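Visitor: Attaching a predicted model along with its sequence, questions to come.
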Amino acid sequence: MTDFTKRRLLPGFLGLMLCAFMLVLPQGSQAQGAAKPAAGPGPTILVVGDSLSAEYGLQRGSGWVSLIAQRLAAEKLAANVVNASISGDTTSGGRSRLGALLSQHRPGVVVIELGGNDALRGLPLDMTESNLRAMTQASQKAGAKVLLVGMQVPPNYGGDYGAKFSGLFAKVAQSSKAALVPFLLKGVADTDEASRFFQADRIHPNELAHPLMMANVWPELRKLLK
């Protein structure tokens, strides 16, 4: 059992996580708007994610993906960030649209932050793993480095399911030689003060949480920009 499943999470978060997919924007709606081709020197970083990456309920420019772009600029690293995240998206949705995104943006790095909605919908784990593997391999075949961003589920899903779900991200990363962030919400959902990091719906991280999420992603992403 992971540290996440051992800790006491805020009660509302546990229960509402079960129906979170009904509260986010319908699949196919984009909180960020249509992804636009990157402009400027340096490689393109393509982020394919769900509401956790699409700035759901946040002021534009305050989500972790936007904070990554700001960090790149602060460190004078030449790179362009394209956020192609869609609230409510699953790994199947990401897989179906990835080919067009790769052709359009020709990224040097692809960040895949998907899977949470698969679990919330009770989709088969082997399907989630297959989709993540296919997305990783397609990105690598297109010449991009891949960073998988993992997720964990609350303990009421059961220890066995939780371990298998969180483990599939590491499994895909290891077999595909992709980089990995084990848990995007580390320091956010697994703390005794978790309630302060979530919006009023007690599902989506608020603006206090996103700098922590960015800090979880940044070290692994930075390595891929060498």
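Guide: Yes, it's here.
Visitor: separation between Ala100 and Val188?
Guide: 32 Å (CB to CB, to the nearest Å). Quick note: C-beta positions are derived from backbone N, CA and C, even for glycine.
Visitor: An error on my part: the question was meant for Gln199.
Guide: 12 Å.
Visitor: Those two: which is more packed in?
Guide: Legend: neighbour count by other CB atoms under 10 Å for Gln199 and Val188, higher for Val188 (21 against 14).
Visitor: Name the helix or strand for the more buried one, please.
Guide: Assessed by DSSP states H and E, Val188 sits outside every helix and strand.
Visitor: residues contacting it?
Guide: Ala194, Phe197, Pro205, Ala209, Leu212, Met213 (CB atoms under 8 Å, 6 or more residues apart in numbering).
Visitor: Pick the one among those residues closest to Arg95.
Guide: Met213 (23.2 Å; CB to CB).
Visitor: host element of the closest one?
Guide: If you go by DSSP H and E, Met213 is part of helix 210-224.
Visitor: Grab the nearest non-local neighbour of the residue most central in space within the chain.
Guide: Nearest to the mean C-alpha position of the chain, counting by CA atoms, centre = their mean, stands Glu113 at 2.4 Å. Spatial nearest neighbour of Glu113, chain neighbours left out: Gly49 (3.4 Å); criterion: CB to CB, 6 or more residues apart in numbering.
Visitor: Tell me, how many residues neighbour that neighbour?
Guide: Gly49 has 26 nearby residues by other CB under 10 Å.
Visitor: contacting residues for the nearest residue to Asn206 once chain neighbours are set aside?
Guide: Using CB to CB, 6+ apart and skipping residues adjacent in sequence, the residue nearest Asn206 is Gln199, 4.9 Å away. By CB under 8 Å, 6+ apart, the residues touching Gln199 are Gly57, Pro205, Asn206.
Visitor: In those residues, which residue is surrounded by the most others?
Guide: Counting by other CB under 10 Å, Pro205 has the largest number of neighbours within the contacts of Gln199, with 24 neighbours.
Visitor: Roughly how far does it sit from Phe198?
Guide: As for Pro205, its distance to Phe198 is 6 Å (criterion: CB to CB).
Visitor: again, but for Lys177
Guide: Computed as CB to CB, the Lys177 to Phe198 distance reads 34 Å.
Visitor: Over to Val48?
Guide: 23 Å.
Visitor: In the protein, what residue spans correspond to helices?
Guide: 3-6, 11-16, 64-74, 91-105, 116-120, 125-141, 159-176, 210-224 (DSSP state H).
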